[in-house]
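In: heads up, no residue letters with this:
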């Protein structure tokens, strides 16, 4: 069983779909409930009172599982492709507000997960995904 400090992680933490928002409403509701319970239990156990969105929080990722659903490692896409391209159809990224997406991409860039390339216009920005 995997642990974070004195906190014992549940077995579903090693299940890759746990980290992908599920498209079926009933499944997604159960998933969100699991997220809430896990985060609250973790915070209660380790006496964590605040969580910063910009910091690495151990429950928001699991480096032991390697999920490469879309094969985008080392590829380049435009920001508009991420928002409205074929790969985003039917996902939570489809139609995402550009400002929210750019903020998320900048956080990923700070962590070395992506590189953002400026184009000649705002619609021309590219993103390279790191492996």
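Out: That came through, no problem. Bear in mind that the values here come from a model prediction, so they are computed numbers and not experimental data. Residues are numbered from 1 along each chain as shown.
In: any weak-confidence spans in this protein?
Out: Where the chain drops to pLDDT under 70, the residues are 1, 54, 63-75, 122-123, 131.
In: hmm, try it at 50
Out: Scanning the chain for pLDDT under 50 picks out the ranges 67.
In: packing partners for the lengthiest helix in the chain?
Out: Longest helix in the chain by number of residues (criterion: DSSP state H): helix 25-46. Here helix 25-46 touches strand 7-8, going by 3 or more C-beta pairs under 8 Å, 6 or more residues apart in numbering; DSSP states H and E. (Each C-beta comes from the backbone N, C-alpha and C, glycine too.)
In: quick one: residue 98 from residue 104, how far?
Out: From residue 98 across to residue 104, the span is 11 Å (C-beta to C-beta, to the nearest Å).
In: What of residue 113?
Out: Distance, residue 113 to residue 104, by C-beta to C-beta: 10 Å.
In: quick one: stretch 17-37 to chain centroid distance?
Out: 13 Å (C-alpha atoms, centre = their mean, to the nearest Å).
In: now the helices for the chain?
Out: With DSSP H as the criterion, the chain has helices spanning 25-46, 79-84, 98-110.
In: Which secondary structure elements does the second one sit against?
Out: With contacts defined as 3+ C-beta pairs under 8 Å, 6+ apart, the packing partners of helix 79-84 are helix 98-110, strand 126-129.
In: Show me which positions of it end up buried.
Out: 79-80, 82-83 (16 or more other C-beta atoms under 10 Å).
In: Kindly reformat those residues as a markdown table containing distance to residue 18.
Out: Formatted as a markdown table, the buried residues of helix 79-84 follow (distance: C-beta to C-beta, whole Å):
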| residue | distance to residue 18 |
| --- | --- |
| 79 | 27 |
| 80 | 30 |
| 82 | 23 |
| 83 | 25 |
